[in-house]
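[1] no FASTA, just this:
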């Protein structure tokens, strides 16, 4: 483990066995994550970016053992999370929290929101008195911009943005060190999205939190992330710090994502024509091509790309998996 | 000056709800010129989709009804057109693509059959001719191997392909107006780019006028010639896309533009990005709207008059409904 690393993921793979196609046939294997390695330093935000099906959520969930990994190691604070027995990992969970995408389905509709936020404290910190736990919930409500008198309400009495604030309060309850943010703003309207993003960053500054931030929205990633891993079909194809990734993308897929994202600078009035747009859809993770997974859509692909799988090359802060990178 | 193809005048739509009668659209004025793209932008619940549904004669009645105003298509008043006239308009003159292609396609018919159905209904094409034209339509929207794909069912297609099928269906009878209600919201960004490029190609080729409903200012920049910004059932700002994006007048429009994490502008910036602009609070529920400007409670520029009187759209080409900034309208 390198010094100053909170989370160090090496060679993480996740496979799912799919239903048989015929009575006696073998069960096909879906390779959702294929040998992913990255590390996250304390107080920083690492973005996992990619399209649906790229494996970004599975990667993050496997890293905190909410999904079973097939192989690899996940060092958190010097301990391999994947080798811990159930009680030991349960003890660690207070440091590993999650904010989910959908603020409607991630809160129990039958519980009062004060109880929802208190639940992690009830489970993880039984040494705290009931009174102290209530006080902590009150404090958390204030931190995320809700009023303590709202603690007795039910989730359906809140708007989407407020519910996401409740999710954030719940995630913060046990003073975690790492929060996995799984598309925390993609279900929200843009005006509310800005409120939540600013809140997440303020909390990070105040409490030294580290975020593993999953998003498909490059604008959001550019705003909040320090480092970015671009994923395609279960692998990291480019890893760079934010300024490098956005100003000097090296993988053709990163460049394609950047050119596809809507931007205020691209105007119909100025006759804007998109360059480097990719064709078609990603290949199926059940049937991964032999060479580079992006070759079938890549404008720069050559015969080598279809034959030989590129590996992630470069140094810790800037690596690309491409035979013919842009830079 | 050319006449607008679609003209909405002082349109008012009301819904009966548990909280009494609410005004979902309150005096909407819109013109769609032939061959142009008009963007309608705003947050959820501001009335964008109801505007589209009203235009198609699809406001669910009850609980909703058109309480006032007129909708003119090519000079003809279609506000209260009968079912027969609406059926002949829909699909052949005005067609619509929806947000979720999976739920708007029929799961038990093939893509080809669904496109052919529209042509048999509206152009009284024979079944064989319609099938052939359906394959042509799939080719037009860039579906590879259209002969084979015409026999695919919706579940066998990806999200992007389904939306292409929807577009093929929508343009199969060469409508003059295409209403696109958040056509790419459910799609990945690379596929969204493909769909936008396709819509632009189709407009260039067939001259169809597009009403694009979106919450994304980036989509407006890329796609729209003119834009209307909606808030709580009213249009608060209207003008050329460049005018509105470069010189937003309404505090709500300014907020919407300021709160987007902009891609590209500060790509190489070292260190932290500056905080995003925030619009405090949320869109008020329609039944709680009182007199005065609906945005006043969230507005940094609000003064006494804003809470008493409701501003109207002022200005010639670039209009705004705001007491604080109407002097700047052009």
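    Nice, I can see it. Treat the numbers as computed from the prediction; the structure is a model and nothing was measured.
[2] which residues touch the residue in the stretch 201-330 of chain B that chain A sits nearest to?
    Among all residues of the stretch 201-330 of chain B, residue B:218 sits closest to chain A, at 2.7 Å; criterion: CB to the nearest CB. Every residue, glycine included, has its C-beta placed from N, CA and C. For residue B:218, the contact set (CB atoms under 8 Å, 6 or more residues apart in numbering or on different chains) comprises A:219, A:261, A:262, A:263, A:264, A:266, B:260, B:263.
[3] for the first one, which non-adjacent residue is closest in space?
    Nearest residue to residue A:219 in three dimensions, chain neighbours excluded: residue B:261, at 3.9 Å (CB to CB, 6 or more residues apart in numbering or on different chains).
[4] tell me which parts of the stretch 1-150 of chain B are close to chain A?
    Within reach of chain A by CB under 8 Å from any CB of the partner chain, the stretch 1-150 of chain B has these residues: B:37, B:43, B:44, B:144.
[5] so the first one sits against residue B:203, correct?
    Meaning residue B:37. Yes - the criterion here is CB atoms under 8 Å, and residue B:37 meets it with residue B:203 at 6.7 Å.
[6] who has more neighbours out of the two?
    Counted by other CB atoms under 10 Å in any protein chain shown, residue B:37 and residue B:203 do not tie: residue B:37 has more neighbours, with 25 against 18.
[7] bridged to that one, which residues?
    Taking DSSP bridges as the rule, residue B:37 bridges to residue B:210.
[8] ok, now which ones touch it?
    By CB under 8 Å, 6+ apart, the residues touching residue B:37 are A:268, B:203, B:209, B:210, B:211, B:212, B:223, B:224, B:225, B:226.
[9] again, 10 Å this time
    Listed by CB atoms under 10 Å, 6 or more residues apart in numbering or on different chains, the contact set of residue B:37 reads A:268, B:178, B:180, B:199-200, B:203, B:208-212, B:220, B:222-227, B:241.
[10] likewise residue A:93?
    Taking CB under 10 Å, 6+ apart, we find residue A:93 in contact with A:64, A:65, A:66, A:120, A:123, A:124, A:174, A:176.
[11] in chain A, what helix or strand scores lowest on average pLDDT?
    Using mean pLDDT, DSSP states H and E, strand A:313-315 stands out as the lowest-scoring helix or strand of chain A, at a mean of 86.
[12] I'd guess the residue nearest to residue A:219 is in a strand, am I close?
    No - under DSSP: H, G, I helix; E, B strand; the rest coil, residue B:261 falls outside any strand and is assigned coil.
[13] identify, by residue count, the longest helix of the chain.
    You didn't say which chain, so I picked chain A. Taking DSSP state H as the criterion, chain A has its longest helix at helix A:190-207.
[14] not quite, I wanted chain B
    Determined from DSSP H, the single longest helix within chain B is helix B:189-206.
[15] for that one, what is the average pLDDT?
    The predicted model assigns helix B:189-206 a mean pLDDT of 90.
[16] what segments of the stretch 51-200 of chain B are strands?
    For the stretch 51-200 of chain B, the strands defined by DSSP state E, counting those that start in this stretch occupy B:64-73, B:76-77, B:94-97, B:177-181.
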